[in-house]
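**Student:** Build me a model from this:
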Amino acid sequence: MEAAARKARYALLEAQLARGEVLVTAHHEDDQLETVLLQLFRGSGLAGLAAMPELAPFGTGFLARPLLSRSRADLEKWARSHALTWVEDDTNADEGLDRNYLRRQVLPLIRTRWPSVAGSVARSARHAAAGQRLLDAVARRDIERAADGASLAASALRALSLERRRNALRFWIARAGFLLPDTRRLDEICGPLLDARPDANPYVAWGDTVLRREGGRVSIRARAGAPAGQAANLTWHWREESTCELPDGGGVLELKRDSRGPIDLDALPSSVSIRTRVGGERLKPRRGGPTRALKNLLQEARVPLGERARFPLIFAGDRVLAAADLWLDESVRAEAGARRRGRLLWRR
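**Tutor:** Next up, the predicted model:
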């Protein structure tokens, strides 16, 4: 709840900021102490322990915190001496929130033993920020060497030590505007995903993000709201609408009536679902022939790796009926006596 409230608050503030303007906040040394400790309790790395910077980009302007070296007591004393009034947030007394519990229950005990703790921890935060800037400089250089268009070369990442690989990927993911993965998923990316067979096309998903390795390239994109480990699922009532626009720039599917078309429209359910690949899909492209793995069909047809990730599949339940406009399952393939035929087209 605290994170959601902070995100909403900053979104509103950012919307009010004109290009080049600076938003100045009164965050103080005690706020910094709380932030560092909360990040430490969450197991954060240097970026988290660096806590709040004094100046940072904010929308089209900047966010400045010039009072981080002053205590809350100093600010309150100054405000009272100038007869200023302020608004107290009612939720500040709610100790069910982590920051309030830390402020009201934990820090008073710590200060009785270490009165200057806020200044000391703020100094540690500055050291962490300096260390993070060095790591970012190394990551930027590693990413520039590994860049392959908007993607990264898997071979260049594998050439890095494990620590630099983690550092480079964290930097790249954050710079692309995505939420960072947890430690387990980052380890999966740095190890099994990069080490998998060239034809495996593995991926790791978290939140609204999916990172894939397609051949020798590593790419990242939003998942368009699909649950982890599943592809986007779109229902198409093709009898009512002959075309279906696919999300995320995936193109358009069209089912045209064609007296010589390969699809038996009477065998095709009136409502089908469209999904992208997750792996393991199979269909029988020749009547009476063997069931084939879609992965093998794509490889034999030399479909570009970048296209395979967004390849649209038409399903009836769990059964693959068509793989874009390249392959049909025997269950919907038209025979000589079919009364109504059609042809599937994928425009991209």
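
**Student:** Can you tell me the centre-most residue of this structure?
**Tutor:** The chain has Thr209 as the residue nearest its centroid, 2.8 Å off, counting by CA atoms, centre = their mean.

**Student:** what does stretch 338-348 rub up against?
**Tutor:** With contacts defined as CB atoms under 8 Å, 6 or more residues apart in numbering, stretch 338-348 is touched by 250-266, 268, 307, 312, 314, 322, 324-325, 328, 334. For every residue, glycine as well, the C-beta is placed using N, CA and C.

**Student:** picking that back up, is the residue nearest to the centre of the chain bridged to anything, and to what?
**Tutor:** Trp206, Ala222 (DSSP bridges).

**Student:** That one: what's it in contact with?
**Tutor:** Ile173, Phe178, Leu179, Pro181, Ile220, Arg221, Ala222, Arg223.

**Student:** Do you know the pLDDT at it?
**Tutor:** Looking at Thr209, its pLDDT is 87.

**Student:** returning to what we had before: just the contacts of Thr209 now: which is nearest Ala93?
**Tutor:** Distance to Ala93, by CB to CB, is smallest for Leu179 among the contacts of Thr209, at 30.9 Å.

**Student:** Tell me how many other residues crowd Arg19.
**Tutor:** Other residues within reach of Arg19, judged by other CB atoms under 10 Å, total 7.

**Student:** any idea which element it lies in?
**Tutor:** For Arg19, there is no host helix or strand (DSSP states H and E).

**Student:** Let's see which of the contacts of stretch 338-348 end up in helices.
**Tutor:** Using DSSP state H, the subset of those located in helices is Glu307.

**Student:** Out of the contacts of stretch 338-348, which end up buried?
**Tutor:** Buried members of the contacts of stretch 338-348, counted by 16 or more other CB atoms under 10 Å: 250-251, 253-255, 258, 261-265, 268, 312, 314, 322, 324-325, 328, 334.

**Student:** Now for Arg42, how many residues are close by?
**Tutor:** Neighbours of Arg42 using other CB under 10 Å come to 9.

**Student:** again with Gln299
**Tutor:** 13.

**Student:** Could you grab the helix/strand/coil label for it?
**Tutor:** Of the three states, Gln299 takes helix according to DSSP: H, G, I helix; E, B strand; the rest coil.

**Student:** heads up, I number from 794, so please use that
**Tutor:** OK, 794 is where the count begins now, so the last one is Gln1092.

**Student:** quick one, what contacts it?
**Tutor:** Asp992.

**Student:** Repeat that for Asn893.
**Tutor:** By CB under 8 Å, 6+ apart, the neighbours of Asn893 are Thr884, Asn885, Ala886, Asp887.

**Student:** how does it look with 10 Å?
**Tutor:** Neighbour list for Asn893: Glu795, Glu827, Asp882, Thr884, Asn885, Ala886, Asp887 [criterion: CB atoms under 10 Å, 6 or more residues apart in numbering].

**Student:** in what helix or strand does it lie?
**Tutor:** helix 891-894.

**Student:** Give me the mean pLDDT for that helix.
**Tutor:** Mean per-residue pLDDT for helix 891-894: 93.

**Student:** Figure out the length between the terminal residues of stretch 948-963.
**Tutor:** For stretch 948-963, the separation between the terminal residues is 17 Å (CA to CA, to the nearest Å).

**Student:** Stretch 1121-1140 too?
**Tutor:** Taking CA to CA, stretch 1121-1140 runs 17 Å from one end to the other.

**Student:** Over to stretch 969-989?
**Tutor:** End to end - CA to CA - stretch 969-989 spans 24 Å.

**Student:** do stretch 880-888 as well
**Tutor:** For stretch 880-888, the end-to-end distance is 19 Å (CA to CA).

**Student:** Could you report the distance from Asn1078 to Pro1062?
**Tutor:** Not Asn; residue 1078 is Pro. Taking CB to CB, to the nearest Å as the measure, Pro1078 falls 19 Å from Pro1062.

**Student:** now Ala993
**Tutor:** With CB to CB as the criterion, Ala993 and Pro1062 are 32 Å apart.

**Student:** Which residue, neighbours along the chain excluded, lies closest to Thr976?
**Tutor:** Gly836 (7.9 Å; CB to CB, 6 or more residues apart in numbering).

**Student:** quick one on the thing from earlier: report the buried residues of the helix holding Asn893.
**Tutor:** Arg892, Asn893.

**Student:** Is it possible to get TSV of the contacts of Asn893 that adds neighbour count and secondary structure?
**Tutor:** Output for those, formatted as TSV (neighbours: other CB atoms under 10 Å; DSSP: H, G, I helix; E, B strand; the rest coil):
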residue	neighbour count	secondary structure
Glu795	12	helix
Glu827	19	helix
Asp882	9	coil
Thr884	13	helix
Asn885	12	helix
Ala886	10	helix
Asp887	13	coil
